[in-house]
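*Asks:* Structure, please.
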Amino acid sequence: MLTFPNDKDKNLPNTSNVEVEVTPPMNGSVGQEGEAAAEEEEDEDQPLSLAWPESKRKRCTYLLILPIVLPLWITLPDVRKQTSKKFFPITFVGAICWIAAFSYLMVWWAHQVGETIGITEEIMGLTMLAAGTSIPDLITSVIVARKGLGDMAVSSSVGSNIFDITVGLPFPWLLYSLINGFRPVKVSSNGLFCAIVLLFIMLLFVIISIAACKWRMSKLLGFLMFLLYFVFLVVSVMLEDKILVCPVSI
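*Replies:* Next up, the predicted model:
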């Protein structure tokens with residue numbers, strides 16, 4: 001059965017001609033945040049510039065990172081430039097070589113500082129070297145987390161530690177054994193066995209903490225992570241200084 005519109009329906013406005021008024025955000029805060037984020041992304045994609053900055057804070061940062069940035073700028077092609085994109089294999093291999101060189105210098109300087117102050121190599125490894133090698137992972141995790149890629153941030157933190165244990169440790173030992181006629185590398189520590197057991201206990205507490213926070217990254221979870229790290233650091237240092245005696249020695 002067909003129905004025809006009434007006279008009242010004829011007076012209704014056509015939906016195609018209806019104008020919708022959009023209220024702008026208060027004080028333009030949302031727009032400013034969007035523009036700031038877009039400008040930040042554009043700055044990250046721009047080629048590296050060694051021009052002298054304008055603000056004082058940027059000048060201090062410029063002077064601090066110049067000893068690291070300047071050799072990289074001289075030796076590695078900046079693939080963000082259109083003319084240098086084809087040289088990305090050179091940049092990739094060169095970056096790995098520079099990481100190896102900076103890592104060697106970091107370990108050497110930390111060893112010299114420890115000998116000068118009177119701190120053992122084990123404690124320097126647990127504190128200074130551990131922080132120095134984990135700060136780049138922290139920076140990359142923060143960058144991807146700010147972009148909304150939380151899974152990538154967590155995977156990067158876990159994957160880097162697995163890579164260090166399964167590749168970073170055995171590969172240099174393998175090279176040492178090959179060069180020295182397959183002679184084994186002796187590893188001795190006052191509380192190595194208890195430190196390994198403590199790591200497994202900490203892993204268990206980490207999983208329990210994440211589950212207690214309903215698998216969400218929150219301020220409470222961050223505080224618990226800091227607390228667990230502080231406890232592990234204190235107990236490990238006490239084991240190395242023989243304040244706590246490990247019942248099993250290796």
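*Asks:* can you pull the buried residues of the helix ranked longest in the chain?
*Replies:* Counting residues, the longest helix in the chain under DSSP state H turns out to be helix 88-117. Within helix 88-117, the residues scored as buried using 16 or more other CB atoms under 10 Å are 91, 107, 110-111, 114. Yep, even glycine has a C-beta here, placed from its N, CA and C like the rest.
*Asks:* Likewise for stretch 125-143?
*Replies:* 125-129, 133, 137, 141.
*Asks:* Next: stretch 198-212.
*Replies:* Buried, per 16+ other CB under 10 Å, within stretch 198-212: 198, 205, 209-210.
*Asks:* now it: how far from the chain's centre is it?
*Replies:* Relative to its chain's centre, stretch 198-212 lies at 20 Å (CA atoms, centre = their mean, to the nearest Å).
*Asks:* Would you mind listing the outside residues contacting that stretch?
*Replies:* Stretch 198-212 has contacts (CB atoms under 8 Å, 6 or more residues apart in numbering) with 221, 224-225, 228, 231-232, 235-236.
*Asks:* So which of the residues you listed wins on neighbours?
*Replies:* residue 236 (24 neighbours; other CB atoms under 10 Å).
*Asks:* Could you verify my assumption that that residue touches residue 196?
*Replies:* No. Assessed by CB atoms under 8 Å, residue 236 is found out of contact with residue 196, at 10.6 Å.
*Asks:* wouldn't residue 137 be in contact with residue 159 here?
*Replies:* No. Using CB under 8 Å, residue 137 is not in contact with residue 159, being 9.2 Å away.
*Asks:* Can you tell me which of the buried residues of stretch 198-212 is closest to residue 78?
*Replies:* residue 210 (39.2 Å; CB to CB).
*Asks:* Brilliant, that's me finished.
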